[in-house]
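Undergrad: I'll drop the sequence and a predicted model, then ask my questions.
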Amino acid sequence: MTASVGDGGADARQGRAGDELASRLRSLIRDVPDFPREGILFKDVTTVFADGASFHAAVDALAGVYRDQHVDVVVGVESRGFVIGAAVAYALGAGFVFVRKQGKLPAPVISHAYTLEYGEAVLEMHADAITRGQRVLVVDDLLATGGTAAATVSLAEQLGGVVVGIAFLVELAALAGAQALGGRPYVSLVRF
């Protein structure tokens with residue numbers, strides 16, 4: 001595994017086992033050209049979720065990084081962030097908070113508009129999802145331009161959450177998404 005740390009740090013190798021995990025995950029992630037639109041090379045991580053041993057290892061690796069951070073809630077982003085985020089929350093004994101696309105949550109929400117790698121969107125979180133001072137870990141499947149992660153961090157902080165980290169399965173390093181995170185610490189298991 002390569003644990004990538006935000007602007008203030010350097011890559012931190014987690015030893016041979018981590019490198020083997022990164023290699024295994026990389027071999028499972030499939031490229032889908034021209035999805036969701038022409039010119040985009042989509043990294044499909046559903047293949048990682050379908051492989052029980054690899055999914056379990058990825059969840060354990062991400063949870064292991066934050067085990068001593070006393071995380072109160074994990075915030076997962078629609079939709080693949082729900083899968084990995086809920087599993088990490090379970091592994092940490094933390095609660096789970098949903099961040100969804102506009103109009104999908106039933107109770108009062110807070111919203112944040114942002115730009116993503118192939119368009120614009122609005123994310124929402126229930127207005128009572130996080131209480132002031134709760135320690136928050138943001139989890140998503142992929143770091144591309146960083147817009148989604150930055151919007152999610154903003155939502156958590158609007159509610160008074162203290163974001164202790166941001167975690168991804170995959171980082172598309174060429175898109176420089178880490179810059180959008182404003183130097184916040186983050187971890188990615190695989191970099192392309």
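TA: Done, it's in.
Undergrad: pLDDT weak spots in the chain?
TA: Residue ranges of the chain with pLDDT under 70: 1-16, 116-119.
Undergrad: so Ser54 is in which element?
TA: Assigned by DSSP states H and E, Ser54 falls within helix 52-66.
Undergrad: beta partners for the residue sitting nearest the centre point of the chain?
TA: Central residue of the chain (CA atoms, centre = their mean): Asp140, 2.2 Å from the mean position. Beta-bridge partners for Asp140, by DSSP bridges, are Phe168.
Undergrad: list phi and psi for Ala89.
TA: Note on Ala89: backbone dihedrals following degrees, to the nearest 10 are phi -60, psi -50.
Undergrad: what's the local residue count around the nearest residue to it once chain neighbours are set aside?
TA: Excluding its sequence neighbours, the residue lying closest to Ala89 (CB to CB, 6 or more residues apart in numbering) is Val74, at 3.8 Å. Yep, even glycine has a C-beta here, placed from its N, CA and C like the rest. Residues lying near Val74 (other CB atoms under 10 Å) number 27.
Undergrad: now the strands for the protein?
TA: Remark: strands assigned in the chain by DSSP state E are 2-3, 12-13, 30-33, 41-44, 73-77, 95-101, 109-116, 119-126, 135-143, 162-171, 186-191.
Undergrad: now those strands in CSV, please, with extra columns for distance to Leu155.
TA: Formatted as CSV, those follow (distance: least, CB to CB, whole Å):
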stretch, distance to Leu155
strand 2-3, 25
strand 12-13, 28
strand 30-33, 28
strand 41-44, 24
strand 73-77, 8
strand 95-101, 6
strand 109-116, 5
strand 119-126, 5
strand 135-143, 9
strand 162-171, 10
strand 186-191, 17
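Undergrad: which one of the ones you listed lies closest to Ser23?
TA: strand 186-191 (8.8 Å; CB to CB).
Undergrad: how far away is Arg30 from Leu181?
TA: With distances taken as CB to CB, to the nearest Å, Arg30 is found 26 Å from Leu181.
Undergrad: try Ser154
TA: Plainly put, Ser154 is 11 Å away from Leu181 if you go by CB to CB.
Undergrad: looking at Arg30 and Leu181, which has the bigger crowd around it?
TA: Leu181 (19 against 12).
Undergrad: so that one makes contact with Ala167?
TA: No. Contact criterion CB atoms under 8 Å: Leu181 and Ala167 do not qualify, at 11.6 Å.
Undergrad: which one in this protein is furthest away from the centre?
TA: Glu38 (24.5 Å).
Undergrad: quick one on the thing from earlier: quick one, the helix holding Ser54 and strand 73-77 angle?
TA: Put simply, helix 52-66 runs at 130 degrees to strand 73-77, going by axes from the mean of the first three to the mean of the last three CA atoms, to 10 degrees.
Undergrad: from the chain's centre, how far out does helix 52-66 sit?
TA: Its chain's C-alpha centre and that of helix 52-66 lie 13 Å apart, by CA atoms, centre = their mean, to the nearest Å.
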